[in-house]
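S.K.: After the sequence you'll find the predicted model.
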Amino acid sequence: MSGFTGFVLRRTLGTLVTLLAISVIVYVVFFVTPGNVAQITCGPRCSPEQVHQVAQQLRLDDPLYLRYWHFLQGILVGQDYSTGTSVEHCSAPCLGLSYQGDQQVTQLIAAKLPVSLSLVSGAMVLWLILGVGTGVLSAWRRGRFSERVLTGITLAGVATPVFVIGLVLMIVVCGQLQLLPFPQYVGLTDDPEQWAWNLLLPWLSLALIEAATFARLTRASMLETLAEDHIRTFRAYGVGERSVIGRHALRGAFAPIIALNANNVGGAIGGAVLTESLFGLPGIGRELVHAVNVVDLPVVVGMVLVIGFFVVIANAVADVLYAVADRRVVLA
Amino acid sequence: MSDSSSTPAPPAPGAAPLVEVDGLVVDFDGLRAVDGLSFRLERGAALGLVGESGSGKSTVASALLALHRGTGARVDGTVRVAGTDVQTASDDELRGLRGRKAAMVFQDPLSSLDPYYAVGDQIAEVYRVHTRASRRAARARAVRVLDRVGIPDAARRSRSRPHEFSGGMRQRALIAMALVCEPELLVADEPTTALDVTVQAQILDLLHTLRQETGTGLLLVTHDVGVAAESVDEILVMRHGRAVEHGPVGAVLGSPREPYTRELLGAVPRVDTPRAVPPTVRGTGKGTGRGAGTGTGAGPAEVGRSDESGRSAESGRSAESGRSAESGRSDGDAGSAADGPSDGSVRPGGDGDARSDGGVVLEAVGLRREFGRGRRRVAAVDDVSLSVRRGQTLGVVGESGSGKTTLGRMLVGLLEPTAGVVRHDGHERTGVRPSVQMVFQDPVSSLNPRRSVGESIADPLRARGEKDEERVRGRVRDLLERVGLDAAHYDRYPHEFSGGQRQRVGIARALAADPAVIVCDEPVSALDVTTQAQVVALLGELQRELGLALVFVAHDLAVVRQVSDHVAVMRRGRLVEYGPADEVYERPRDPYTRQLLAAVPALDPEVAARRRAEREVLSPV
């Protein structure tokens, strides 16, 4: 077990280093862009005085490493911004100020993050159930007619864009059958029941597409495991096919599923733009697209950092789960 | 065992036999693996199915448990096991048979256990499938059988996963799984093939003891006649899916009636007889090695080891003169590489004496090689000094992890030693050089599948700067013929050859650079015994013709004895014994050498029983 604890510690350390590296790269790429950074940050309608103030707040006169140090300090312990007449405090994970939105970046993200997390977590549960379930079924029924039908459906799922599935779902379920109202985001803490009902369609449309990938992966890794010697052992000992498939073969498919899931969860938090736009969900993805369009640099930097944070964390969690699923990883 | 000693006699009337196979035929996609096999096995008796690869022996084992069901194989004939007609049984009946009445022990104990679950849980799972035991009771039962098969501290170790076990412990765990429901029949498919010889002896002893205590019947499938001789009462020799010979083990091995059985037994290298090839070359029979490769490789009988008259001086000499003409052609380059051939052309005058005082060509002094970093640093080879003489063979034996392959690689220059030096012709050398070549263990993976064998053999020639296409082709043709292949095989690809033929290609490639020394790393361990004997004979022939020095690295003590002038026994990176072959084998000084020798399966069941007794005295170190 000490080997396992050591593994987790090493992996956590690695995660911190990765996060630090991401922050350096993102900071450098966005704030060392050519042109007047203060002007761009402040927005096109700023007066020269305002631009001057922004330049001071960003400490553009300092050398780069000091500026980055300041930025990092803001994230770790918070920061005070002088607006000339008063001082605005930006607390702990301070990602700077959005001058165009007249808001702290952290607060802006904090408002959008629950939406994205709600969308992704619910969709994840659905895509895992649907995807892994379909994969197990088609591995079990391999070569038969039912398997071919399942394979056809999943192939169609992979090939269909989310706005087609989502639109069709919305038109049929909300428009024609009127089973659900058109989705409108309600916070989880405000009304859990309404939260779930309103997110049902977005979850489904995001999950259906992801599930197709999981189904194909699960099927492939299960067929691979089913061809291995230890499966033959349990069959030769009279263990039933249900147990062989569900206990031994599925276990072998865990590792790739965990890895793919980490990637998809991390990616979907900032990347589910289409789903968010289609269903009018005010999530991270939509906000990022908006920020890019109006060139709100501090918001873009903050968002990219937060998304990067989730991708890295998701992968770190996946690595640890991976090691729990297969202890041989710890030795490597 | 005591009650089974009478089993070779016809079965007692009335009592249904444990296994009854009648006219068994198994087809895979039109390929006939088993062709009308019939045999019976009485309760408590032990039968060995012996044959070379492709003989269909493993297919028979699978058919006993109907493991072919649902795989597309066509099975005909009747198979009755413990009262169940396996062919007509329903899936449920089959599940009741498998593991409960007849349990299988598989070959590779690592891949045969689920890597994700604790060993004890896997055994408990099998127990629960067949009994209504509670989870806890099944777990306790698993610990009991693990303890029974000699896993120390079974309660704790039952929570380990398979990769935390050594090879021998994994095999014990598999046997424990087989025993958990106290079956009437154990089907063991090459149960010790993946194991070291001392561990193999322990596993065979374990099977023996268990059978004595429980009266379980045993069907043992093996390619190793010695393993069968140790473990069974009756033996059935298979070839091409048919029974060749069937009878009590002592009779079949002692006085075989069928030519194939004789050939098979003749090809088995003996650990207790001195090297078969006399040091002075004489005798008859040209082309002993020649025709071999052109056949099927599983092929026929040209080289029985039993006729000890050896290979020909004639073929040796004639080939030799051809060889010196040849070496004249290629003499232009690489002065040091020309040593070998020029020495070879002097040799026809020499005989046994010349062999024994051949000069030292390759010498290792205080070789050490470490792997890993920090606390995990281990010395794979530790302070090894030995020398290889011209025209002689140095055998290096050891079990897995003994460092013998690392040593071989350092001698060739593929690995740099951490300390110590390799001297070649008296000079200290580093790196790879043409005059020291290597033949690898796996003839499949050591040849590039995308290049013709001719191109592979030509590599060393081209590496030496030979550009003239005609001369390269001509030389490669010569080499192909020299190793007993057809010169027309130049443009064929590795997959078109059998294992033995591929190993010949590997030898031809090693010869291409006119080496003085060839290091062979387990050159025959992937081959069937008859093919193995052919390749060993070829190496001996080449050695005499060319005055080659050979380093023969192998785990098989018997093979090493049959090829070596000197033997080095390795253990945990160190040389535990080093001396003339006969002395090491006849009068081993080191206890480990003695233990190794006692572990080698004997062909004679009586000797086997004696060895078993000896092993009990020499407790494992």
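M.R.: Arrived safely. Numbering: from 1, shown residues only, chains lettered A, B, ... in the order given.
S.K.: Surely residue B:364 and residue B:386 touch.
M.R.: Yes. Here residue B:364 reaches residue B:386: they are 5.4 Å apart, a contact under CB atoms under 8 Å. C-beta here means a position set from N, CA and C on the backbone, and glycine is covered the same way.
S.K.: Looking at the two, which has the bigger crowd around it?
M.R.: Neighbour count, other CB atoms under 10 Å in any protein chain shown: between residue B:364 and residue B:386, residue B:364 has more, with 22 against 18.
S.K.: tell me what the helix or strand containing the more buried one is packed against?
M.R.: Using DSSP states H and E, residue B:364 sits in strand B:360-371. When contacts are defined as 3 or more CB pairs under 8 Å, 6 or more residues apart in numbering or on different chains; DSSP states H and E, strand B:360-371 sits against strand B:378-389, helix B:404-412, strand B:419-424, strand B:549-554.
S.K.: let's see it at 6 Å
M.R.: Applying 3 or more CB pairs under 6 Å, 6 or more residues apart in numbering or on different chains; DSSP states H and E, one finds that strand B:360-371 makes contact with strand B:378-389, strand B:419-424.
S.K.: Any residues of the stretch 101-250 of chain A in contact with chain B? List them.
M.R.: Proximity of the stretch 101-250 of chain A to chain B (CB under 6 Å from any CB of the partner chain) is limited to residues A:229, A:230, A:233, A:236, A:237, A:238, A:239, A:248.
S.K.: Turn these into a markdown table, columns for secondary structure, pLDDT and neighbour count.
M.R.: As requested, those are exported to a markdown table (DSSP: H, G, I helix; E, B strand; the rest coil; pLDDT from 0 to 100; neighbours: other CB atoms under 10 Å in any protein chain shown):
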| residue | secondary structure | pLDDT | neighbour count |
| --- | --- | --- | --- |
| A:229 | helix | 89 | 15 |
| A:230 | helix | 90 | 24 |
| A:233 | helix | 92 | 26 |
| A:236 | helix | 92 | 25 |
| A:237 | coil | 92 | 26 |
| A:238 | coil | 90 | 22 |
| A:239 | coil | 91 | 23 |
| A:248 | helix | 88 | 25 |
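S.K.: And the furthest pair within the residues you listed?
M.R.: Farthest pair in those (CB to CB) is A:229 and A:238. Separation: 16.8 Å.
S.K.: for residue A:12, what are its contacts?
M.R.: Residue A:12 sits next to no residue when contact means CB atoms under 6 Å, 6 or more residues apart in numbering or on different chains.
S.K.: can I see the domain layout of the chain?
M.R.: Just going to use chain A. For chain A, automatic domain parsing gives the domain ranges A:2-105, A:107-331.
S.K.: if you could check chain B rather than the one you did, that'd help
M.R.: Following the assignment in automatic domain parsing, chain B carries domains at B:1-6+B:16-101+B:217-264, B:102-182, B:290-370+B:377-602.
S.K.: what helix or strand is residue B:76 on?
M.R.: If you go by DSSP H and E, residue B:76 is part of strand B:74-81.
S.K.: How about residue B:110?
M.R.: Counting by DSSP H and E, residue B:110 is found in no helix or strand.
S.K.: Residue A:157 now?
M.R.: Going by DSSP H and E, residue A:157 is part of helix A:145-159.
S.K.: for the record, mean pLDDT for that helix?
M.R.: Average pLDDT, helix A:145-159: 82.
S.K.: excluding its backbone neighbours, what's nearest residue 244?
M.R.: As the question left the chain open, I've gone with chain A. residue A:234 (5.4 Å; CB to CB, 6 or more residues apart in numbering or on different chains).
S.K.: My question was about chain B, not that one.
M.R.: Of all residues not flanking residue B:244 in the chain, residue B:237 sits nearest, at 4.4 Å (CB to CB, 6+ apart).
S.K.: do residue B:452 as well
M.R.: Nearest non-adjacent residue to residue B:452 (CB to CB, 6+ apart): residue B:491, at 4.9 Å.
S.K.: Quick check: phi and psi on the residue lying closest to residue B:400 once chain neighbours are set aside?
M.R.: Distance criterion CB to CB, 6+ apart; nearest residue to residue B:400, sequence neighbours excluded, is residue B:196 at 5.6 Å. When quoted as degrees, to the nearest 10, the phi and psi of residue B:196 stand at phi -70, psi 160.
S.K.: go on, residue B:192?
M.R.: phi -120, psi 10.
S.K.: got a list of what it touches?
M.R.: Residues near residue B:192 by CB under 6 Å, 6+ apart: B:200, B:203.
S.K.: Likewise for residue B:145?
M.R.: Counting by CB under 6 Å, 6+ apart, residue B:145 makes contact with B:176, B:179, B:180.
S.K.: how close does the last one get to residue B:174?
M.R.: Applying CB to CB, to the nearest Å, one obtains 11 Å for the distance of residue B:180 from residue B:174.
S.K.: Test my guess that residue B:605 contacts residue B:248.
M.R.: No. Contact between residue B:605 and residue B:248 fails when scored by CB atoms under 6 Å: they sit 9.0 Å apart.
S.K.: so where's the chain uncertain?
M.R.: You didn't say which chain, so I picked chain A. Chain A contains residues with pLDDT under 70 at A:1-2, A:83-84, A:329-332.
S.K.: hm, I was asking about chain B
M.R.: B:1-15, B:276-357, B:618-621.
S.K.: Tell me the secondary structure of the residue nearest to the spatial centre of chain B, please.
M.R.: The centroid of chain B falls nearest to residue B:525 when counting by CA atoms, centre = their mean (3.8 Å). Three-state assignment for residue B:525 (DSSP: H, G, I helix; E, B strand; the rest coil): coil.
S.K.: and which of the residues of the stretch 101-250 of chain A next to chain B is nearest residue A:185?
M.R.: Closest to residue A:185 out of those is residue A:248 (42.6 Å), distances taken as CB to CB.
S.K.: Can you report how many residues neighbour the nearest residue to the closest one once chain neighbours are set aside?
M.R.: In this structure, residue A:248 finds its nearest non-sequential neighbour in residue B:114, 5.3 Å apart by CB to CB, 6+ apart. Each residue near residue B:114 was counted by other CB under 10 Å, and the total is 25.
S.K.: In a strand, residue B:114, correct?
M.R.: No. Checked against three-state DSSP, residue B:114 lies outside a strand; its state is coil.
S.K.: Now do the contacts for it.
M.R.: Taking CB under 6 Å, 6+ apart, one finds A:230, A:248, B:122 in contact with residue B:114.
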